[in-house]
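Peer 1: just a sequence and a predicted model for now, questions to come.
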Amino acid sequence: MKAVIVGAGIGGITTALALAMRGWDVNVLERAAKIQEVGAGLQISPNGMKVLQSLGVTDYINEKWFEPENIELRMGATGRRIFQIPMKAQAQNRWGARYVQIHRADLLNGLLAALHARVGNVVQTNCQVTGYQNAHATPSVICADGRMIEADLIVGADGIRSEIRTQMIGPDKPRFTGNTAWRSVVPMDRLGEQVPPPAGCIWAGSSRHAVTTRIRAGKVANFVGIVETDVWTSEGWSVQGEKSDALADFDGWDPIIQTIIEKSPNMFRWALFDRAPLKQWSDGNVVLLGDAAHPMLPSMAQGAVQAIEDAYVLAQTVSSAPNIAQGASLYFEKRIKRCTKIQAISTRNLRMFHRHGAMARCFTYAPLWAVGQIAPNILLAKNDWIYGFDPTRN
């Protein structure tokens with residue numbers, strides 16, 4: 001059986017690897033001239049790590065990741081810690097795998113290395129896909145250069161601006177959330193004493209929040225800062241921002257945040273859009289995956305992980321169902337409820353981290369502080385459904 005995967009990002013390469021391990025002939029088409037992952041750090045929770053372990057990827061990335069001690073919520077201005085969830089001490093025993101932080105490029109390179117070791121070079125760059133045809137027994141993708149490439153299965157893993165989704169569902173209407181995000185990475189040795197905690201640290205404030213992590217074996221600090229705004233014109237990851245604007249957005253915040261911004265070689269920003277959950281992810285043997293199917297806000301750190309889960313479940317269902325179309329439908333049934341719930345909680349978290357006014361912040365954060373002090377196991381238990389999930393067994 002032959003599969004064509006449109007998009008050589010994290011979701012697309014994971015899908016190619018998962019299918020190849022089940023005996024599929026895979027071909028990945030990437031519009032860019034060179035495979036590279038824009039962005040910066042991401043967090044891979046145990047539910048995603050279990051898939052990467054089963055696909056043999058972890059050996060290619062274990063020297064690149066950083067394993068945080070905790071997940072923490074702090075106040076942005078004072079640095080006061082509201083609560084912490086012990087990750088390094090609990091993740092393996094409680095949820096079955098590590099919780100790690102890693103640069104996007106390092107994860108993608110590890111996935112590519114694992115794929116190449118199994119099936120060689122199956123990625124074609126400079127290949128823009130403009131749509132698909134599904135009228136014949138074997139569907140095909142339509143390339144901008146006029147080529148038609150047939151496959152038994154076509155996977156649209158072509159991201160938030162998916163051409164496959166546009167043809168399948170129609171032009172979508174992204175909703176601007178009223179938030180823009182800053183991102184940067186900076187070597188730890190440039191920060192002096194103002195280094196971020198060895199944790200996945202959320203810094204909450206009025207109308208804004210930040211996240212700091214450590215990546216590249218702890219040698220690099222990763223920063224994301226999300227700020228409410230009324231002004232933005234386009235989506236994109238590669239908009240160069242002014243450092244002075246970022247400093248103004250986080251004026252008066254903890255010196256750790258201000259130092260990271262000051263010492264960052266570049267500041268980039270992008271707008272946060274969301275979309276209503278789709279009612280279908282497939283059209284016969286053509287299926288959507290990752291951001292093409294369910295774009296997520298970053299406030300639950302699950303975007304890449306859910307694409308990884310998608311990839312494993314899709315490979316499982318299309319390989320075991322009576323036919324590919326039924327497998328694609330079963331994949332949707334297995335994934336839609338979970339992904340929709342994560343989308344909703346990500347949106348809710350964004351609002352929670354941005355509480356306006358002292359009373360609202362006290363009402364939100366005081367109970368979290370109390371639970372963390374009195375019954376920290378409750379905070380662990382609240383994450384069992386997400387981190388304890390094992391796509392390789394369910």
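Peer 2: Everything's here; your move. Numbering: from 1, shown residues only.

Peer 1: distance from the chain centre to the longest helix seen in the chain, please.
Peer 2: In the chain, with assignment by DSSP state H, the single longest helix is helix 324-352. Its chain's average C-alpha position is 13 Å from that of helix 324-352, according to CA atoms, centre = their mean, to the nearest Å.

Peer 1: ok, now stretch 115-124?
Peer 2: Using CA atoms, centre = their mean, the offset of stretch 115-124 from its chain centre is 23 Å.

Peer 1: quick one: end-to-end distance for it.
Peer 2: Stretch 115-124 has an end-to-end distance of 14 Å (CA to CA, to the nearest Å).

Peer 1: ok, now stretch 21-41?
Peer 2: So stretch 21-41: terminal residues 27 Å apart, CA to CA.

Peer 1: for that stretch, buried residues please.
Peer 2: The neighbour-count check on stretch 21-41 (16 or more other CB atoms under 10 Å) flags 21, 24, 26-31, 35, 37, 39-41 as buried. Bear in mind the C-beta positions are built from the backbone N, C-alpha and C, glycine included.

Peer 1: quick one: mean pLDDT over the longest helix of the chain.
Peer 2: For helix 324-352, the mean pLDDT works out to 94.

Peer 1: point out the other helices and strands that it packs with.
Peer 2: Here helix 324-352 touches strand 175-187, strand 268-274, strand 282-283, strand 286-288, helix 303-320, going by 3 or more CB pairs under 8 Å, 6 or more residues apart in numbering; DSSP states H and E.

Peer 1: okay, the ones you listed, which one's buried deepest?
Peer 2: Of all those, strand 286-288 has the most neighbours on average by mean count of other CB atoms under 10 Å, namely a mean of 29.

Peer 1: by contact count, what packs against that strand?
Peer 2: strand 153-156, helix 163-169, helix 324-352.

Peer 1: any idea which of these gets closest to residue 145?
Peer 2: Residue 145 sits nearest to helix 163-169 of all the helices and strands packed on strand 286-288, at 14.3 Å, using CB to CB.

Peer 1: quickly note the distance from the nearest residue to residue 4 once chain neighbours are set aside to residue 25.
Peer 2: Leaving aside its chain neighbours, residue 4 sits nearest to residue 151 (3.9 Å; criterion: CB to CB, 6 or more residues apart in numbering). Computed as CB to CB, to the nearest Å, the residue 151 to residue 25 distance reads 9 Å.

Peer 1: shared neighbours of these two, anything?
Peer 2: Residues touching both residue 151 and residue 25 (CB atoms under 8 Å, 6 or more residues apart in numbering): 2, 3.

Peer 1: residue 50 in helix, strand or coil?
Peer 2: With DSSP: H, G, I helix; E, B strand; the rest coil as the basis, residue 50 sits in helix.

Peer 1: got the contact list for it?
Peer 2: Residue 50 makes contact with 96, 97, 390, 391, 392 under the criterion CB under 8 Å, 6+ apart.

Peer 1: same question for residue 103.
Peer 2: The contact partners of residue 103, taken as CB under 8 Å, 6+ apart, are 40, 41, 42, 64, 185, 215, 216, 220, 222.
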